[in-house]
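**Q** got a structure for you, letters missing:
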């Protein structure tokens, strides 16, 4: 089981209360700590009970306790990664003000950095990347030679392998039916937006 980011805050708040006061907080105190309404805390607690992360002793005002460490170790966490749109030839990358939404991704795979997801369109990266795949990307301005990168070229976004030389960048597809493209490395026309670090595919 995994915990959403808001759910992760509840066990932390319970642990903080135990350390500071020597006893667990009430639901009302949890709501104050977290800055949310009591109903939201109740909903989180029900979910955490189902996931065996928190135990509740009914009819006790301070009846909250954390699951045993070995039980909590089996509970993973997730982070909400923004989905910034579909990638296709001629399509600009949507800005973060125009997100399609957020997708929960296990922190085992989505570690650190400024991450976003793209939904692939087209066949130029087949068989590595297919139509409808979700590409997990870490925002960065440079990549190692041969890495799959999200690249902005003259206002258009593409996903290709980046083959770098001193003054040029070759955009190399994995599908031999598509041609490669070599462009001059000019900041005004070429910008690396990020490196692909994972892919999620529906079977």
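**A** Now that the structure is in, tell me what you want to look at. Nothing here was measured: the structure is a model prediction, and the numbers come from that model.

**Q** what strand or helix carries the residue sitting furthest away from the middle of the chain?
**A** With distances taken as Cα atoms, centre = their mean, the residue sitting farthest from the centre of the chain turns out to be residue 59, at 38.5 Å. Element membership of residue 59, judged by DSSP states H and E, is empty: it is in no helix or strand.

**Q** distance check, it against residue 41.
**A** Residue 59 sits 18 Å away from residue 41, taking Cβ to Cβ, to the nearest Å as the criterion. In this view, the C-beta of every residue, glycine as well, is placed from N, C-alpha and C.

**Q** quick one, helices of this structure?
**A** Here the chain has its helices, by DSSP state H, at 5-21, 27-34, 38-50, 69-73.

**Q** quick check: which of the ones you listed is nearest to residue 186?
**A** When the helices of the chain are ranked by proximity to residue 186, the top entry is helix 5-21, at 39.4 Å, counting by Cβ to Cβ.

**Q** just the pLDDT for the residue most central in space within the chain.
**A** Centroid-nearest residue in the chain, with Cα atoms, centre = their mean: residue 81, separated by 2.9 Å. Residue 81 is assigned a pLDDT of 84 by the prediction.

**Q** who's it bridged to?
**A** Under DSSP bridges, the beta-bridge partners of residue 81 are residue 103.

**Q** thinking again about what came up before, okay if I get the helices of the chain as a markdown table plus mean neighbour count?
**A** Putting those into a markdown table (neighbours: other Cβ atoms under 10 Å) gives the following:
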| stretch | mean neighbour count |
| --- | --- |
| helix 5-21 | 16 |
| helix 27-34 | 17 |
| helix 38-50 | 16 |
| helix 69-73 | 10 |
